[in-house]
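1. pasting a predicted model and its sequence here:
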Amino acid sequence: MKDLNEYYDVALKFHGHKCPAMPMGLRAGLAAMTALGVERAKDKELVVESETGEGHAAGCFLDGVMVATGATYGKGNIKKLFYNKMAFTLIDVKTGRAVRVSLKPEFFEKALQSPFVQKRKEGVAPQDIPAEITDPQVERVMGLPEAGFLSIGEIFQRDLKKGAPSFEVKRCSRCGEATFTNKLAEVPDGRLLCVPCIEEEKKA
């Protein structure tokens with residue numbers, strides 16, 4: 001992708017609705033990549049450790065980070081730490097260089113007072129919030145200088161454990177579904193069980 005607007009168009013299609021948090025994440029992800037001097041991940045060249053969680057506003061932030069960095073749940077190179085903070089660390093797997101990027105508290109606290117968030121508090125779905133409320137906030141986020149809303153930390157070293165992926169499947173002895181062998185466990189009677197079936201047998 002060539003420029004911010006192209007990234008935004010892709011991110012909007014991926015995310016599904018227009019809101020201020022997704023472009024915050026998009027810009028934060030691009031800023032982290034610039035800080036590390038890396039390109040968007042085609043495979044697992046980058047890893048994102050997100051400090052966002054669940055049960056809080058602005059979780060859409062992470063979709064922007066994903067589109068910017070190319071770190072996705074499908075590729076397995078992103079994980080949530082569930083700290084419920086608007087921050088993440090981007091790690092270059094090859095060199096171990098890493099950077100933590102977060103939203104500045106004063107910026108985010110003000111953002112949570114916006115008319116968009118007030119509508120969300122009232123239970124209005126993001127796609128149903130009038131454009132005259134949403135558009136100016138999105139445009140503001142897209143146009144802000146990075147220093148106006150992002151804290152970009154110092155580069156530090158973060159070496160990740162590297163493991164080989166599993167390419168072998170066997171059928172679970174109980175449900176019969178094909179399961180990668182690194183998540184099958186042999187029980188005392190010699191059967192191989194997947195995680196859900198082990199849990200079911202514990203309940204029985």
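-> On my side now, so go ahead.
2. restrict the longest helix seen in the chain to CA atoms and write it as PDB.
-> Ranked by residue count and defined by DSSP state H, the top helix of the chain is helix 21-36. Extracted in PDB, the C-alpha atoms of helix 21-36 (Å, rounded to 0.1, in the frame of the first residue of the first chain):
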ATOM      1  CA  ALA A  21     -10.600   4.200  17.100                       C
ATOM      2  CA  MET A  22      -9.700   2.100  14.100                       C
ATOM      3  CA  PRO A  23      -7.700   5.000  12.400                       C
ATOM      4  CA  MET A  24      -6.000   5.600  15.700                       C
ATOM      5  CA  GLY A  25      -4.700   2.100  15.600                       C
ATOM      6  CA  LEU A  26      -3.900   2.300  11.900                       C
ATOM      7  CA  ARG A  27      -1.700   5.400  12.400                       C
ATOM      8  CA  ALA A  28      -0.200   3.900  15.600                       C
ATOM      9  CA  GLY A  29       0.800   0.800  13.700                       C
ATOM     10  CA  LEU A  30       2.300   2.800  10.800                       C
ATOM     11  CA  ALA A  31       4.200   4.900  13.300                       C
ATOM     12  CA  ALA A  32       5.600   1.800  15.000                       C
ATOM     13  CA  MET A  33       6.800   0.400  11.700                       C
ATOM     14  CA  THR A  34       8.500   3.700  10.800                       C
ATOM     15  CA  ALA A  35      10.200   3.700  14.200                       C
ATOM     16  CA  LEU A  36      11.600   0.200  13.600                       C
END
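3. just give me how far it sits from the chain centre.
-> On the basis of CA atoms, centre = their mean, to the nearest Å, the separation between the geometric centre of helix 21-36 and that of its chain is 11 Å.
4. same for that helix, what does it pack against?
-> helix 4-15, helix 61-69, strand 87-92, strand 97-103, helix 131-143, strand 150-152 (3 or more CB pairs under 8 Å, 6 or more residues apart in numbering; DSSP states H and E). The way it works is simple: take the backbone N, C-alpha and C, and place the C-beta from them, glycine included.
5. quick one: contacts of the fifth one?
-> So the one you mean is helix 131-143. Contact partners of helix 131-143, identified using CB atoms under 8 Å, 6 or more residues apart in numbering, comprise 4, 8, 18-20, 23-24, 27, 111, 114-116, 119, 126, 149.
6. which members of the residues you listed are the farthest-apart pair?
-> Comparing every pair within the contacts of helix 131-143 by CB to CB identifies 4 and 119 as the most remote, at 25.8 Å.
7. sorry, back to before: point out the most buried one among the helices and strands packed on helix 21-36.
-> With neighbours defined by mean count of other CB atoms under 10 Å, none of the helices and strands packed on helix 21-36 is more surrounded on average than helix 61-69, at a mean of 26.
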